[in-house]
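> Sharing a model prediction with you, sequence too.
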Amino acid sequence: MSTVNLGMPRVRAEGNLFEETPFADYAREELKNTQLRANLAHATHSIRDKRLRVVSELPDWEQLRDAGSAVKESVMADLPALLEEFEANFTARGGVIHWARDADEANRIVTDLIREQGADEVVKVKSMATQEIGLNEHLAEQGISAFETDLAELIVQLGHDTPSHILVPAIHKNREEIRDIFLKEMGDVDPNLDSEPAHLAEAARKHLRAKFLSAKVAISGANFGIAETGTLAVVESEGNGRMCLTLPETLITVMGIEKLLPKASDLEAFMQLLPRSSTGERMNPYTSMWTGAAHDDGPQNVHLVLLDNGRTNALADVHGRSALHCIRCSACMNVCPVYERAGGHAYGSTYPGPIGAILSPLLTGVDKAENGTLPYASSLCGACYVACPVKINIPEILVHLRGEDVEARRKRSKRPTEMDLVMKGAEWAFSKGSHLGLAEKGLPLGRVAAGRDGKIKKLPGHLLGGWTQFRDVPAPPKRSFRDWWAKEHKDSSGPGPSGPDAAGQEGGQA
Amino acid sequence: MRIALFATCIVDAMYPDTAIATVKILERLGHQVIFPPGQACCGQMHMNSGYLEQAHTVVSNHVRAFEEQDWDVAVAPSGSCVASVKDQHPLVATRCGDDSLASRATAVGQRTYELSQLLTDVLGVTDAAAQLGSYFPHEVTYHPSCHGMRLLGLGTRQSDLLRSVEGLSYRELPDAESCCGFGGTFSMKVPDVSGAMLEDKARNIDSTGAELCTGGDASCLLHIGGGLSRLKLGARTVHLAEILASTREEPLVINHEKEATR
């Protein structure tokens, strides 16, 4: 890895960041679920269209992206100093900072803080960081019940499921499936509940209201932390976040160390970039900001757990570190043709889609579990890069991580893989024009392999066989272009004769 | 103008007619075409599969092969390979610590164009029928390949040229900007997802009723054509260059029967 010394120890991540099954294998199974595919295609396409509409309204969208990218780059370049500045300001306003090296440490800190309040129930506002560290599972082991209050998170939690999308975690469920989950798992639900979206939302609202009013402790994530003021911000749509952030006496926030912005004025760009990129709205309904504890108003015990969990590891990777610019908008997954078909669970981690395919291996190291298969979960079509509000060049980082994976595999085993051999052979063929010319002498052999219909329908090996699983290969031409040129054309001094039949191919391709 | 043709490995080996068509178009405009014989491949297969060292070998060869010859501009009938030459070659060289190759690769890349880019931006071709004599009386739909569209920013250059071909009936492709699922070794490493993307692309092509799907990248067309054939859908693929090269006097023959027995 092209790494730099950050002057602090790098910690690799623990928690829900590991792909246990190779991506291709998981995706193969998910593809058989036609309901899932239909839900995903419908949901991603409608958010995609909405996003395009609201983005095209802004004439300075590209400049906003540049600004967002530049601010994030400056944060990464100056992270230690900004973290200390944030800590000083947050603490001065009555908040308490806790530093967590990894998932275990963060979970322990949060558990202890809940116990100090004598609570065995907490309400939660949707947070990627707490999903990443597996906080809910940890709290359950400790006898503490955590209630998700975001509608989609609630559906996922009641369904004993895991989220499949950052922004719309229940994107893989349709309304009938949601009604069935509510009827089965929501104790206080009306048994005649139908699948009307408004009725489903009302059922959730009633269920959650009781929790908001009784909970003594709330847990949140944060979208932004402003270093110059020590302010935290949560951006949401349903108002459940506002309830969590204001009603309970104790508020514990878990935030990744990369979420800082230097100045409050930086929000100008990010509050335009985030809602338009994520929900396709000009503005989100609820933005809550708090700076420490306010006397006699809102939570009086205000805590922030600053989480590393692999972020310094990612930051040390010169070619991958811009993945930390991510503001978790989910635009990349909504435009991704691979995500659209494989679904979020295929990525194994809290972070699905194109950003997950780079972020998870960067946080954990590409050699952990099956995370080395994630960088290959892309056709490199580039739609994610175009959509990303902070211009993370996801395709370039995917390619970089593929290189890391090839290196890591070489270190693990001296035995070359099928791909290694193919690449070695191709390196020889492509290292000189004369080599390729020689290899092309074998083209007539391919014509023999093709049947009478001129199509090759099955190729040997795992890799080439993967190709002919879904595609025919046309019979190769009688001779290569190079051969035709040398014999029939040569470098011209001007317009010269050249016939379409000269290379022995008539008509079009296929 | 003295124009160096970068045929690209896949066209050289599998679709010589696409390169021949490119030569014909350029010669018809009165330019001199040369074929640097040392050329082989742009190296993106190696780079995109994580084989950086091997990519370095292939990139070095490409730069050397084109430096050896004297030319004004280079052209390739492929958006993806041109994007690799322009963007990826300097990157590969830099990552391998080969700064001199990086600057040489940049120099070659700056003068390398995708075919529609060269025709439109450099050679001023805006009306294929009038300026190239292009004639192709067929129903055609068009797939804008990802790298041409997103990395080179080709915009409507290819489709504008197509629409200006005499006799051509242009059919809009639904969800045209979605990737066909090729992605180089992606199609072999994650074949099921790639196959699902391909099937959607093939069915969209079929829904247009066009007899042909064209595009600017032979590799995507190889992939799409392979899917159309496997799904037994009627449409076939043909490279944009071959449509532009087709004239009344020398029309491109689309003969399904002939194809089967060639």
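Yep, it's here. Everything numeric here is computed off the predicted structure, so don't read it as measured data.
> Tell me how far the residue located most distally from the centre of chain B lies from chain A.
The C-alpha centroid of chain B is most remote from residue B:97, which lies 30.1 Å away (CA atoms, centre = their mean). With the distance defined as CB to the nearest CB, to the nearest Å, residue B:97 ends up 11 Å from chain A. C-beta: built from backbone N, CA, C; applies to glycine.
> I'd assumed that residue was in a helix, is it?
No. Residue B:97 sits outside any helix when classified using DSSP: H, G, I helix; E, B strand; the rest coil, being coil.
> State the distance from it to residue B:50.
18 Å (CB to CB, to the nearest Å).
> What count of nearby residues applies to residue B:211?
For residue B:211, the neighbour count with other CB atoms under 10 Å in any protein chain shown is 18.
> and if you look at residue A:464?
16.
> Is it in a helix, a strand, or coil?
helix.
> Now it. Nearest residue, chain neighbours left out?
Ranked by CB to CB, 6 or more residues apart in numbering or on different chains and with sequence neighbours excluded, the top spatial neighbour of residue A:464 is residue B:188, at 6.9 Å.
> Please verify my assumption that the one you found contacts residue A:470.
No. With contact defined as CB atoms under 8 Å, residue B:188 does not count as touching residue A:470 (10.6 Å).
> between these two, which one's more packed in?
Comparing residue B:188 with residue A:470 by other CB under 10 Å, the one with more neighbours is residue B:188, at 25 against 22.
> Where does that one fall, secondary structure wise?
Element membership for residue B:188 (DSSP states H and E) is helix B:186-189.
> Of all the residues in the next helix or strand along the chain from that helix, which ones are buried?
Following helix B:186-189 in sequence order, the next helix or strand is helix B:191-208 (DSSP H and E). When neighbours are counted by 16 or more other CB atoms under 10 Å in any protein chain shown, the buried residues of helix B:191-208 are found to be B:191-202, B:204-206, B:208.
> what about residue 146, neighbour count?
Went with chain A since none was named. Residue A:146: 20 neighbours (other CB under 10 Å).
> meant chain B, my bad for not saying
So residue B:146, with other CB under 10 Å, has 26 neighbours.
> count of neighbours near residue B:98?
Neighbours of residue B:98 (other CB under 10 Å): 17.
> what's the domain layout of chain B?
Domain segmentation of chain B under automatic domain parsing yields B:2-122, B:128-261.
> What sits closest to the closest residue to chain A within the stretch 1-150 of chain B if chain neighbours are left out?
With CB to the nearest CB as the measure, residue B:50 is the residue of the stretch 1-150 of chain B nearest to chain A, at 3.2 Å. For residue B:50, ignoring the flanking residues on the chain, the nearest one in space by CB to CB, 6+ apart is residue A:402 at 3.2 Å.
> Tell me who's in contact with that neighbour.
A:375, A:376, B:48, B:49, B:50 (CB atoms under 8 Å, 6 or more residues apart in numbering or on different chains).
> any chance you could read off phi and psi for the spatially closest residue to the fourth one that is not a sequence neighbour?
If the residues on either side of it in the chain are set aside, residue B:49 comes closest to residue B:185, at 4.7 Å by CB to CB, 6+ apart. According to degrees, to the nearest 10, the main-chain angles of residue B:185 amount to phi -70, psi -10.
> Low-confidence ranges, chain B, go.
For chain B, the stretches with pLDDT under 70 are B:255-262.
> same thing but 50
The model of chain B has pLDDT under 50 over residues B:257-262.
> Ok, the stretch 351-500 of chain A next?
A:494-500.
> quick one, helices of it?
A:353-364, A:383-387, A:394-412, A:418-429, A:433-440, A:443-449, A:462-468, A:481-484 (DSSP state H, counting those that start in this stretch).
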